[in-house]
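Trainee: Structure for the following, please:
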Amino acid sequence: MANETIKAKVIQLVQKDPFLSIDEIAAQVETTPRYVRTILSEANLSLLQLRKHYARMMELQLNRDQAAAELKQYEPQLKLVKVKDAAAAELLKQDPEAELLKISQMQRLDRIPVFCELITYLDLKLRLEDMSGPLRQILASAQEVDKLELKQSWVEVVVNQGNLSRLLLDRDDQPLLKLTYLLADGINSIAVETQWLPAEGILLRSQGGGFEIAADFS
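Mentor: Below you'll find the predicted structure:
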């Protein structure tokens, strides 16, 4: 019975940490290195093979963690962060190194999944009730904004957006539509709103300088 217990301990230990030496295993289970080798041989276990398998599993886990970390930048929940975005800063006539407020959220428009992002230099007093609709509603309701207007808008098809493609379509590297709106308060550009959505099965109608999004079932 004691030998069976030692065998079980040795097998459990090497499977948990195959990088232990024979001597270290023997010391932990209070037996001899020779008996550890016998147990491993009878169980058809190779420390070298176990180490290779363990290393492969750790590499796969690292890749999954890295992919999850990359995807996290496009969280579906409402997210507010401070960023430096030179392209947005140029549109807003701000210093390229200026810290901007970025608000992002996954939404559904006419049953279409849309990832929305709003970048502004304004120091907004945010209210929870303003965050349930379109992101630009946050600006429209802000005390700091007198009259929100659409100044310019454009649309483009983008590729190589793997993380967004997975979030919106659960598939890698699908082409996406990117709608960009430059929003202003009077003559001053105050925010850039961007929407990413699937390129297939989408009908865009131009309306008042903006775009109306609808599913195309034709």
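Trainee: from here on, contacts and neighbour counts on C-alpha atoms
Mentor: Will do.
Trainee: how about the nearest residue to residue 116, chain neighbours excluded?
Mentor: Taking CA to CA, 6 or more residues apart in numbering as the measure, residue 116 lies nearest to residue 195, with 4.5 Å between them; neighbours along the chain are not counted.
Trainee: Please identify which helix or strand holds the one you found.
Mentor: strand 188-198 (DSSP states H and E).
Trainee: partner strands of that strand, parallel or antiparallel?
Mentor: Strands that pair with strand 188-198, judged by DSSP bridges, come out as strand 112-120 (antiparallel), strand 176-185 (antiparallel).
Trainee: In a markdown table: those, plus mean neighbour count, mean pLDDT and distance to residue 6.
Mentor: Output for the strands paired with strand 188-198, formatted as a markdown table (neighbours: other CA atoms under 10 Å; pLDDT from 0 to 100; distance: least, CA to CA, whole Å):
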| stretch | mean neighbour count | mean pLDDT | distance to residue 6 |
| --- | --- | --- | --- |
| strand 112-120 | 22 | 87 | 56 |
| strand 176-185 | 20 | 89 | 59 |
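Trainee: Same list (the ones you listed) but as TSV, adding distance to residue 47.
Mentor: As requested, the strands paired with strand 188-198 are arranged in TSV below (distance: least, CA to CA, whole Å):
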stretch	distance to residue 47
strand 112-120	48
strand 176-185	48
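Trainee: Figure out which of these is closest to residue 103.
Mentor: Nearest to residue 103, of all those, is strand 112-120, at 5.1 Å by CA to CA.
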